[in-house]
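Participant: give me coordinates for this.
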Amino acid sequence: MTKNSSYTSPKTHLGLYLGLCFIFLIIGFLPFLDAEVQKNLLTEGGLFESLTVYLYIFCLILICVRWPLQKILSNWYLSALIILFALRELDYDKEHFTHGVLKSRQYFSDLVGLPEFLISLAVLIFILTVLLLIVLRERNNFIKGVIDLRQSQLAVLTSIIFVLVTKTIDGMERKFGIDLSPEGERFALIVEEVGEMGIPIMFAIAILSWRNKSQT
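Facilitator: As a prediction, this is how the structure comes out:
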């Protein structure tokens, strides 16, 4: 078997297949539950939001266990990204700021005092630095990995898709002027919350796939 063909064998993508099946099975199963049960599971601080945060913590543990110290330190921005995702899931970007550190109003509003403005600006610069480092240092490896159909990069690509889908669904009625039925609203919430849980699942698959990639 050649190097490239080994990336496309079913065995090398088993984790990705299982992760996607798990996510879509949950999305397909939840609409059959009682509406009140769905609400309790999907509400802020509910089961799926909590699981999402725990999964981000699990990703950090995996990094510490699976990666050598040199890789952890040289690729610190990957761990930082996971921490930022976890804090975002806990709404830290909103709870401790007047408008939210990711909102443009935070930097132009008269309601924001100078100390809060400086703190939010420092946080925003840190976030942009992390994202810029990831793009500059991981771009080529990511593109090559997707072309070679490596599980680690495909999992990262899937997580990016989940981010785009969940951000599009969040506030969809307000953004696009769509009037959804109660059932439609619940299903959109299911896709959003379970999709957000899918992000750290894909991160974990990518982390677990790193050793296999280095050995190929």
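Participant: shaky segments in the protein?
Facilitator: 1-11, 211-216 (pLDDT under 70).
Participant: 80 instead?
Facilitator: 1-12, 45, 171-180, 210-216 (pLDDT under 80).
Participant: which SSE is T158 in?
Facilitator: Here T158, judged by DSSP states H and E, is contained in helix 151-169.
Participant: and the next helix or strand past that helix?
Facilitator: Immediately after helix 151-169, counting by DSSP H and E, sits helix 172-176.
Participant: may I have stretch 106-113 as PDB, with CA atoms only?
Facilitator: Provided in PDB are the C-alpha atoms of stretch 106-113 (Å, rounded to 0.1, in the frame of the first residue of the first chain):
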ATOM      1  CA  GLN A 106     -17.600  47.100  23.000                       C
ATOM      2  CA  TYR A 107     -14.900  49.300  21.400                       C
ATOM      3  CA  PHE A 108     -17.100  52.300  20.400                       C
ATOM      4  CA  SER A 109     -19.700  52.500  23.200                       C
ATOM      5  CA  ASP A 110     -19.700  55.300  25.700                       C
ATOM      6  CA  LEU A 111     -20.900  52.800  28.300                       C
ATOM      7  CA  VAL A 112     -17.500  51.100  28.300                       C
ATOM      8  CA  GLY A 113     -15.000  52.600  30.700                       C
END
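Participant: hang on, the earlier thing: how far off centre is the helix holding T158?
Facilitator: Taking the mean of its C-alpha atoms, helix 151-169 sits 7 Å from the chain's own mean (Cα atoms, centre = their mean, to the nearest Å).
Participant: likewise for stretch 101-119?
Facilitator: The answer for stretch 101-119 is 26 Å, by Cα atoms, centre = their mean.
Participant: measure it end to end?
Facilitator: 9 Å (Cα to Cα, to the nearest Å).
Participant: mind listing the helices for this protein?
Facilitator: Ranges of helices in the chain, per DSSP state H, are 3-7, 14-29, 35-42, 47-66, 69-74, 76-89, 92-95, 114-147, 151-169, 172-176, 182-215.
Participant: contacts for the third one, please.
Facilitator: Looking back up the chat, that one is helix 35-42. L30, P31, L33, G46, L47, F48, P182, R186, L189, I190, E193 (Cβ atoms under 8 Å, 6 or more residues apart in numbering). From N, CA and C alone the C-beta is placed, and that goes for glycine too.
Participant: tell me what angle that helix forms with helix 182-215.
Facilitator: Relative orientation of helix 35-42 versus helix 182-215 (axes from the mean of the first three to the mean of the last three Cα atoms, to 10 degrees): 40 degrees.
Participant: I'd like to know which of the helices of the chain lies nearest to Q106.
Facilitator: In terms of Cβ to Cβ, the element of the helices of the chain nearest to Q106 is helix 114-147, at 5.3 Å.
Participant: packing partners for the closest one?
Facilitator: In terms of contacts (3 or more Cβ pairs under 8 Å, 6 or more residues apart in numbering; DSSP states H and E), helix 114-147 is packed against helix 76-89, helix 151-169.
Participant: got the ones you listed as CSV, with mean neighbour count and distance to C21 columns?
Facilitator: Output for the helices and strands packed on helix 114-147, formatted as CSV (neighbours: other Cβ atoms under 10 Å; distance: least, Cβ to Cβ, whole Å):
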stretch, mean neighbour count, distance to C21
helix 76-89, 18, 23
helix 151-169, 19, 12
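Participant: out of those, which comes closest to I23?
Facilitator: Taking the helices and strands packed on helix 114-147 one by one with Cβ to Cβ, helix 151-169 is closest: 8.4 Å.
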